[in-house]
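> Fold the following.
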Amino acid sequence: MTTDTTPPALPDAGFDRRGFLTLAVAGAAASAFTVTVGTLSAGPAFGAAANEPDAAVAPRKRELRAMWISSVVNIDWPSRTGLTADEQRAEFLHWIDVAEQFNLNAVFVQVRPTADAFWPSPLEPWSQYLTGVQGQHPGYDPLAFIVDEAHRRNLELHAWYNPYRVSMQADPAKLVPEHPARVHPEWIWPYGGKLYFDPGLPEAQEHIQQAILHSVEHYDLDGVHFDDYFYPYPVAGQTIPDAATYAAHGAAFDDIADWRRHNVDTFVSSVSERIKALKPWVKFGISPFGIWRNRATDPLGSETGGSQSYDLQFADTRKWVLEGWLDYINPQIYWQFGLAVADYAKLVPWWADVAATSATHLYIGEALYKVTSGVFTDPAELSNHLTFDREIDASGTPVHGNVYFSAKHVPADPQGSMSRVLADHYARPAIVPAMEWLPATSVRPPVLADPERSDAGVALQWSDAVTPSRRATSFAVYRVDGGGSSIDVEDAANLVVTLRATPGVVQRWVDEGAEPGREYAYAVTALDRVWNESAPSRVAAIA
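Numbers count the residues shown, from 1 in each chain. Okay, the predicted model is just below:
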């Protein structure tokens, strides 16, 4: 999802500027699908999902809908260096507006792109992508700001970290003198024109973990998120310079590749344990390259023929899921239906089967940028992906949501692709799926007063629990036409909005979409911080 590597080419294959596999046959399935609002029309490549081509795509009450907001080389936010604090804040508010516009419920924001920080870290310098100067204070605390503003809109905030990358250039002298890579030059090595912490050094691993955990401890994060960069993607003609580290630390391993995988496994499992020790409710998830291994290499692998994260990045992503180290796995399945070496229709079921074995939540990474670049030639490609995911979900191996790379492409709406996703799948709001293994709060059903008409719409008011330990983090409001005495709160069509709880016990909201003189019935539920939901309030009607 980032911009810093290009894996080696495979036969008949190429890689786009973000390092993801494309083929000359990219348009082969381009016209296989057409979608009208609420209706699927499938062609032959759609596989099992073609069984009911005219079935309506029902809204889902619970699914993660997110976008990546990337800071490295100023991809998304801040859009350039040197913006004032007010300008940076205004830009982030724009991205939150975009999330609301498209009915998303989470944002994954990159806060440690290159061993630097978007918060006042005692361990690493301020990021150069804020001011243009590494180590320079931006005039505010960006992480505190984005957490507060995301929560104000009732969006989950997952802080996104690149673990091992130190710099997008290879000269340590260009780092600030106090940078840990300058203080401990033995911790790093250059590769592919960049600098990396050596994943085989316990001291380097400990520093990285401490840097990440500082933000977990001091900020109200909902999630800790890693992308696909562990050991760097291979660069032609170069060898990873860790032979000395292997000689010093790899005696128990006959093969350097196994040792490297062990290093990454140890890092992932340790981060997971330490996050939960600090704050058990904070989610930990990883968005790996979309192919673990190909079936031709390993019978447990997917029916694909592309690059393999297990072999090229020494990332045993399947193991992390099976061991239960992650709350969610978010593979970057950045390919289209019918692509021979990496078919979306083959990869999603494979990952769904893997995730279901440990009940790990599965979110699919979607390559919105490939619509912009022209690789995805069918404007319905992404909407068709979601329709297919719903079919997989219905089969008993859940797909819990989708994440889009990257933020700037969402409002750009290339070929109307995101508008189509909004119309076909996101027309109603959705609640983030609950993870039953996270600590729950016994939130109380709200006490709903009688609705009242106002010039702005229908005004609702309800009270929350008086006891602080039972208070809700947010609320869900349900509405049906007519004055009935019951509302099915499991029907996504009845969900109107989710709202962050305001301080105190009395909550207020105005339904501006209510038509004057039309009869409605309302109910409200309470949600804890990990989205467990109370029973509904009484149903209150207004004529």
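> C-alpha only now, for contacts and for neighbours.
OK.
> Can you report how many residues lie near the closest residue in space to P536 that isn't next to it in sequence?
In this structure, P536 finds its nearest non-sequential neighbour in T525, 4.6 Å apart by C-alpha to C-alpha, 6 or more residues apart in numbering. For T525, the count of nearby residues is 25 (other C-alpha atoms under 10 Å).
> Skipping its backbone neighbours, what lies nearest R479 in space?
Closest to R479 by C-alpha to C-alpha, 6+ apart is Y522, at 4.6 Å.
> Isn't that neighbour up against A541?
Yes: look at Y522 against A541 with C-alpha atoms under 8 Å: they come within range, at 6.2 Å.
> Pick out whichever of these two has more residues nearby.
Y522 (29 against 22).
> Apart from its neighbours in sequence, what residue is nearest G82?
T131 (4.5 Å).
> Contacts only, for that neighbour.
81-83, 137-138 (C-alpha atoms under 8 Å, 6 or more residues apart in numbering).
> What distance do you get for it to P113?
Distance, T131 to P113, by C-alpha to C-alpha, to the nearest Å: 14 Å.
> same check, this time on K279
23 Å.
> These two: who's more crowded?
The residue with more neighbours, out of K279 and P113, is P113; 25 against 15, by other C-alpha under 10 Å.
> still on that earlier bit, got phi/psi on the residue nearest to R479?
phi -130, psi 150 (degrees, to the nearest 10).
> That one bridge partners, please.
Note on Y522: beta-bridge partners by DSSP bridges are R479, A540.
> do the one 4 residues further on as well
With DSSP bridges applied, A526 shows beta-bridge pairing to F475.
> Run a quick neighbour tally on it.
A526: 29 neighbours (other C-alpha under 10 Å).
> what pLDDT does it get?
At A526, the pLDDT value in this model is 98.
> wait, it sits on A472?
Yes: using C-alpha under 8 Å, A526 makes contact with A472 at a distance of 5.5 Å.
> For those two, list the residues in contact with both.
With contacts taken as C-alpha under 8 Å, 6+ apart, the residues that reach both A526 and A472 are 443-444.
> now E206, what's its secondary structure?
helix (DSSP: H, G, I helix; E, B strand; the rest coil).
> Low-confidence stretches in the chain?
Residues of the chain meeting the criterion pLDDT under 70: 1-56.
> Check it for its longest helix and report it.
Counting by DSSP state H, the longest helix found in the chain is helix 256-278.
> from the chain's centre, how far out does it sit?
The chain centre lies 20 Å from the centre of helix 256-278; the measure is C-alpha atoms, centre = their mean, to the nearest Å.
> Could you list every helix and strand in contact with it?
Using 3 or more C-alpha pairs under 8 Å, 6 or more residues apart in numbering; DSSP states H and E, the elements in contact with helix 256-278 are helix 202-218, helix 317-322.
> could I get those helices as a markdown table with mean neighbour count and distance to D511?
Converted to a markdown table, the helices and strands packed on helix 256-278 look like this (neighbours: other C-alpha atoms under 10 Å; distance: least, C-alpha to C-alpha, whole Å):
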| stretch | mean neighbour count | distance to D511 |
| --- | --- | --- |
| helix 202-218 | 17 | 36 |
| helix 317-322 | 20 | 42 |
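> Could you export these to JSON lines, including columns for distance to Y334?
Listed next are these as JSON lines, based on distance: least, C-alpha to C-alpha, whole Å:
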{"stretch": "helix 202-218", "distance to Y334": "27"}
{"stretch": "helix 317-322", "distance to Y334": "17"}
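> Could I get the contacting residues of L130?
The neighbours of L130, taking C-alpha under 8 Å, 6+ apart as the test, are 78, 80-83, 118, 138.
> again, only this time at 6 Å
Residues near L130 by C-alpha atoms under 6 Å, 6 or more residues apart in numbering: T81.
> go on, E515?
Contacts of E515 by C-alpha under 6 Å, 6+ apart: none found.
> ok, back up a step: got the angle between the longest helix of the chain and helix 202-218?
If you take axes from the mean of the first three to the mean of the last three C-alpha atoms, to 10 degrees, helix 256-278 sits at 30 degrees to helix 202-218.
> Which residues belonging to helix 256-278 are considered buried?
Across helix 256-278, burial judged by 16 or more other C-alpha atoms under 10 Å covers 259-268, 271-272, 275.
> could you pull out the helices for the stretch 251-400 of the chain?
256-278, 309-312, 317-322, 344-358, 369-373, 381-394 (DSSP state H, counting those that start in this stretch).
> Counting neighbours, what do you get for the closest residue to Q205 other than its chain neighbours?
Distances taken as C-alpha to C-alpha, 6+ apart put P199 closest to Q205, at 6.3 Å, once the chain neighbours are dropped. Counted with other C-alpha under 10 Å, residues neighbouring P199 total 25.
> again, but for S395
For S395, using other C-alpha under 10 Å, the count is 10.
> same deal with L438?
Counted with other C-alpha under 10 Å, L438 comes out at 16.
> Pull the residues that contact stretch 452-462.
Contacts of stretch 452-462 (C-alpha under 6 Å, 6+ apart): 447-449, 451, 506-512, 514.
> Give me the buried entries from these.
So, by 16+ other C-alpha under 10 Å, the buried ones in the contacts of stretch 452-462 are 447-449, 451, 506-507, 510-511, 514.
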